[in-house]
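**Student:** how would this look folded up:
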Amino acid sequence: MSTNQTKAQRRDAARAEALALQKKQQAREKRSRLIVLSALGVGVVILVLAVVLIFQESQKTPMEKVDSFPAGVVEQTGIPVGADGVAGTENEGAKTLDVYVDYMCPICKQFETMNAASIAEMREAGDLTLVVHPVSILDRASQGTEYSTRAASAAAWVADQAPEQFAAFHDAMFASQPAENTPGLSDEQIAQVAEQAGVPADAAAGIASGEAHDTYKEWVSASSEVAGSTESLLNAEGGFGTPTVVIDGERFEGWQAPGGLTQAITGEAPASEEPSAEPSEEPSAEPSE
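**Tutor:** This is a model prediction of the structure:
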């Protein structure tokens, strides 16, 4: 400040300087408020979006939450098998046989023992399309290893990665079925079953490594939940069990009678009335639940 200024001039200059500093301070404070308000606004928007996303996720059906489906799946939960035994194929114009199975279910094995040969014969003749629905309702019976889920995931993996071997793998899994209330087969052992059924080694390796389980466990869980909440699949007591057998959309209870399934599909009694093997010794022949 010049020493030649009068006292009044110095006072006015000091006031001007103070006013300038005050305006700068006010500008800084305004900017800070804008930054804070902007941050709060962004935070509110993010919070609102998060709430919306959480709400939308909660409204999804089990299947809408699934990321990976096996190739060729029908109606979200079924693996169709046509004349050549290839997953993802159908016999056009044929009846549809839907079978809901848990690979640890002893009654499912009984169903397979009694009917697998005739099912394969009718499928290969073009009389039916087999639709396998691998579900998991017996994880509780595998000592914490989640065998049912792992086995069903492996079936989905084979259907996707080695569809030509799906029918053979499905049969082999029941032939190798572990007893209930055991750990079941390890992933490595399931992979061995797959290779013995003709699944290429590189595809089987995905089962052994756990990749199959990681890829399809959500699908298996959702399929099981959907089956258990579908009214047409429930038994007389209102529960869902395996095996559940459906012919052209109608539950079929007569599969335990020798030749009953063949007659229901073709309308003709089979040449032999004898089942392929004796039923398993179970307290009752009710499906597993």
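
**Student:** quick one, strands of the protein?
**Tutor:** For the chain, applying DSSP state E gives strands covering 79-81, 95-101, 128-134, 244-247, 250-251.

**Student:** now the ones you listed as a markdown table including distance to residue 225 and mean pLDDT?
**Tutor:** Where you see a C-beta, it was placed from the backbone N, CA and C, and this is true even at glycine. Listed next are the strands of the chain as a markdown table, based on distance: least, Cβ to Cβ, whole Å; pLDDT from 0 to 100:
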| stretch | distance to residue 225 | mean pLDDT |
| --- | --- | --- |
| strand 79-81 | 17 | 98 |
| strand 95-101 | 13 | 98 |
| strand 128-134 | 12 | 98 |
| strand 244-247 | 14 | 97 |
| strand 250-251 | 19 | 96 |
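
**Student:** centroid residue for the chain?
**Tutor:** The centre of the chain sits closest to residue 219, judged by Cα atoms, centre = their mean, with a distance of 0.7 Å.

**Student:** Save the strands of the chain as TSV, and put in distance to residue 188 and mean neighbour count too.
**Tutor:** Converted to TSV, the strands of the chain look like this (distance: least, Cβ to Cβ, whole Å; neighbours: other Cβ atoms under 10 Å):
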stretch	distance to residue 188	mean neighbour count
strand 79-81	23	25
strand 95-101	22	23
strand 128-134	20	25
strand 244-247	30	20
strand 250-251	37	12
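
**Student:** Those strands: which one's closest to residue 258?
**Tutor:** strand 244-247 (15.2 Å; Cβ to Cβ).

**Student:** Partner strands of the closest one, with direction?
**Tutor:** Using DSSP bridges, the strands paired with strand 244-247 are strand 95-101 (antiparallel), strand 250-251 (antiparallel).

**Student:** Would you reformat these as TSV and include distance to residue 158?
**Tutor:** As requested, those are exported to TSV (distance: least, Cβ to Cβ, whole Å):
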stretch	distance to residue 158
strand 95-101	14
strand 250-251	27
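
**Student:** Can you say which of these is nearest to residue 22?
**Tutor:** Nearest to residue 22, of these and by Cβ to Cβ, is strand 95-101 at 79.0 Å.

**Student:** got the contact list for that closest one?
**Tutor:** 78, 108, 111, 119, 127-135, 227, 233, 240, 242-249, 261, 265 (Cβ atoms under 8 Å, 6 or more residues apart in numbering).

**Student:** ok now do the residue nearest to the centre of the chain, which residues does it touch?
**Tutor:** With Cβ under 8 Å, 6+ apart, residue 219 has these contacts: 66, 68, 69, 70, 153, 156.
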